[in-house]
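[1] this is a predicted model, with the sequence first.
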Amino acid sequence: MGVPPPLRSLSGVFVLVVDDNDDAREILRSMLSYLGAIVATAASAAAALSVLGQIQPGVVVCDVNLGDNDALWLIRQVQVHQPAPPFIAISAQDYDEHELRAAGFAAFLRKPVQHAVLIAEVLRALEL
C-alpha cells in the first residue's frame, strides 16, 4: 500500500454541504474546512435553496436522500433559476451514477466518504 498523495488546499473555495443528518453534515464540513474551504451547511433541500438564493458556491456536496425532497429535486430547482454550480451527490445507498450524471451531478460518492476522495472530487468539479 502506497502513501496517498498530499491533499491540495481548498483555501477560499466556497462549498455548500447539504445533508439532513447532523453528524454527516458536520463531518463533511470539517473535512472541507480542514483544507481551507469556506463551508456553509443546510439540513434540507428547502434550506439549501434559501442559501443558494443568497450566495453562489463553487460546489455543492449534497446527500441524495434529504428529509423534505431529494437531491434530484434540488438540482432541478437550481438549474431552472440560475446557472447551477457543480453538484456532487453522496449517499450510503447505491445509485446509478450514469443517471445522476445525466441529471447534472459532477460525481457520486458512496458514504462513508474518504477525505482524499472528497477533496479530489471537489477539485475535479471545480477544475482546479
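    Received the coordinates, thanks. Numbering: from 1, shown residues only.

[2] could you find the closest non-adjacent residue to Leu52?
    Closest residue to Leu52 apart from its sequence neighbours, by CB to CB, 6 or more residues apart in numbering: Val78 at 5.9 Å. From N, CA and C alone the C-beta is placed, and that goes for glycine too.

[3] name the element the one you found belongs to?
    Following DSSP states H and E, one finds Val78 within helix 71-81.

[4] run the chain-centre distance for that helix.
    Relative to the mean C-alpha coordinate of its chain, helix 71-81 is positioned 14 Å out (CA atoms, centre = their mean, to the nearest Å).

[5] returning to that earlier point: wait, the residue nearest to Leu52 sits on Gly53?
    No - with contact defined as CB atoms under 8 Å, Val78 does not reach Gly53; the gap is 9.6 Å.

[6] who are the packing partners of whatever helix or strand Ile119 lives in?
    Ile119 is part of helix 115-126 when elements are defined by DSSP H and E. With contacts defined as 3 or more CB pairs under 8 Å, 6 or more residues apart in numbering; DSSP states H and E, helix 115-126 has these neighbours: helix 22-33, strand 59-63, strand 87-91, strand 105-110.

[7] dump these to a markdown table, plus distance to Ala116.
    Putting these into a markdown table (distance: least, CB to CB, whole Å) gives the following:
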| stretch | distance to Ala116 |
| --- | --- |
| helix 22-33 | 10 |
| strand 59-63 | 15 |
| strand 87-91 | 14 |
| strand 105-110 | 11 |
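
[8] what's the most buried one of the ones you listed?
    Among those, judged by mean count of other CB atoms under 10 Å, the one packed with the most neighbours on average is strand 59-63 (a mean of 26).

[9] name the nearest residue to Val113, sequence neighbours excluded.
    Spatial nearest neighbour of Val113, chain neighbours left out: Ile90 (5.8 Å); criterion: CB to CB, 6+ apart.

[10] residues contacting that neighbour?
    Listed by CB atoms under 8 Å, 6 or more residues apart in numbering, the contact partners of Ile90 are 19, 28, 61-64, 108-111, 113.

[11] which member of those residues is positioned nearest Val122?
    Distances from those to Val122 were compared by CB to CB; the smallest belongs to Val61, at 7.2 Å.
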